[in-house]
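Engineer: please find the sequence and the predicted model below.
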Amino acid sequence: MAGESIQAGKLITVDWGTSNFRAALLDDAGEILDRIQAPKGLLQLEKGMLASTLTELLAPWLSALPDTPLLMAGMIGSAEGLVEVPYLECPASLDDMAQALAPVPELEGHRQAYIVPGLRGRSMSGNHDVMRGEEIQILGALQGTKPDAQTFCLPGTHSKWVSLEGRRVMTFSTCMTGDVYAALRSHTLLKRYTTQGEHDPQAFRQGLAQTDQPGGLLHHLFSARTEVLLGDLPPQASAAYLSGLLIGSEVHAMVDALKPQGTVTLIANRQLTALYADALDARGVNTRCIDGDAAAIAGLHHLATHADLIRN
């Protein structure tokens, strides 16, 4: 990237989770000047390596922009992260996060750096629930929307279903759908039957439809074996069928519990939002889809602006 463009950088944002590191260099208006991404999430790194990994990955920007602030979100603020940042208790205004940013001490060059707090609350079942990183995506997705009651779904390893009133997160509930999908395909009998091929929309919708039949998810999961074993489902379509079972069960349960009014906002990558949009459409629920990476960057820029971190 040209040095002249780098010099226009006013904010470095980092979305650092368990699997991936994503950073963006922004100008004062929030436009992306450059990106740095690496498969170096917290699960791949020892806690003592986080600060050095951060400076190593961001080296091209840090050397050129010694006074540009750094704003981070995600699992980097957990107990396994760089600095453990206390959760904000729900109901919580997303704008309150600007007053609760946690400074990161002793970064190389004494750089001004902060981590965004996550949220904690009670789920629909009354249990404790937490999020780190998704709150930034929600904030980014809210820009330019009307401040009314809304339902958000953030699909992923641990999907979040979030109820908002205006800019306040009232409650949220987590579903371990992506985690269970990976575990079933890697550590159960289904490993031998769920061959990964090109996504099969028909098999996925077959899985969605199966969740309307009696017996429940634990019963339906065995059909991911028997439909292949007895020849009714091609092996290369079985992973899509299993995905349909899991996403369909999640969406069925959440829609029944939340009874969303109006459109559900989906925030994730295009592949995941398309699958959840299909599942919600099957329940008669309209959706709008927002890219998760873009939403995270927009949310971090909004927070930095409200916290007066960006100066000309």
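Structural biologist: Done, it's in.

Engineer: contact partners for the closest residue to Leu266 other than its chain neighbours?
Structural biologist: Nearest in space to Leu266, with sequence neighbours left out and distances taken as C-beta to C-beta, 6 or more residues apart in numbering, is Thr273 at 4.3 Å. The C-beta positions use only the backbone N, C-alpha and C, and glycine is treated the same way. Contact analysis of Thr273 by C-beta atoms under 8 Å, 6 or more residues apart in numbering lists Pro155, Leu266, Ile267, Thr287, Cys289, Ile290.

Engineer: which helix in this structure has the most residues?
Structural biologist: helix 238-258 (DSSP state H).

Engineer: chain center to it: distance?
Structural biologist: 18 Å (C-alpha atoms, centre = their mean, to the nearest Å).

Engineer: next one: stretch 193-210
Structural biologist: 23 Å.

Engineer: ok, and what's touching that stretch?
Structural biologist: 184-185, 220, 223-225, 228-229, 233-248, 271, 275, 278-279, 282.

Engineer: mind pulling up the pLDDT for the residue of the chain positioned farthest from its centre?
Structural biologist: Centroid-distance maximum for the chain: Leu230 at 37.4 Å, with C-alpha atoms, centre = their mean. Predicted confidence (pLDDT) at Leu230: the value is 96.

Engineer: where's it relative to His187, distance?
Structural biologist: Separation of Leu230 from His187 (C-beta to C-beta, to the nearest Å): 24 Å.

Engineer: what's near enough to touch the residue most central in space within the chain?
Structural biologist: The residue lying closest to the centre of the chain (C-alpha atoms, centre = their mean) is Glu134, at 5.0 Å. Contact partners of Glu134, counting by C-beta under 8 Å, 6+ apart, are Leu154, Lys160, Val162, Ile267.

Engineer: so the residue nearest to Leu266 sits in a helix?
Structural biologist: Yes - assessed by DSSP: H, G, I helix; E, B strand; the rest coil, Thr273 belongs to a helix.

Engineer: follow-up on the earlier one: could you list which of the contacts of Thr273 belong to helices?
Structural biologist: Per DSSP H, the subset of the contacts of Thr273 in helices is empty.

Engineer: and which of those residues is nearest Pro86?
Structural biologist: When the contacts of Thr273 are ranked by distance to Pro86 (C-beta to C-beta), Ile267 comes first, at 24.1 Å.

Engineer: filter the contacts of stretch 193-210 to the buried ones?
Structural biologist: Listed as buried from those are 184-185, 220, 223-225, 228, 233, 237-248, 275, 278-279, 282; burial here means 16 or more other C-beta atoms under 10 Å.

Engineer: so where is the stretch 1-150 of the chain shaky, pLDDT-wise?
Structural biologist: 1-4, 109, 147 (pLDDT under 70).

Engineer: can you give me the helices for it?
Structural biologist: Secondary structure of the stretch 1-150 of the chain (DSSP state H, counting those that start in this stretch): helices at 3-6, 50-57, 59-64, 134-142.

Engineer: does Ser163 count as helix, strand or coil?
Structural biologist: Per three-state DSSP, Ser163 ends up strand.

Engineer: quick check, it in contact with Gln261.
Structural biologist: No - checked against C-beta atoms under 8 Å, the pair Ser163 and Gln261 is beyond contact range at 10.5 Å.

Engineer: tally of neighbours for Gly207?
Structural biologist: If you count neighbours by other C-beta atoms under 10 Å, Gly207 ends up with 29.

Engineer: name the element it belongs to?
Structural biologist: helix 201-210 (DSSP states H and E).

Engineer: per-residue confidence averaged over that helix?
Structural biologist: Per-residue scores along helix 201-210 average to 97.

Engineer: quick check: angle from that helix to helix 238-258?
Structural biologist: Helix 201-210 runs at 40 degrees relative to helix 238-258, counting by axes from the mean of the first three to the mean of the last three C-alpha atoms, to 10 degrees.
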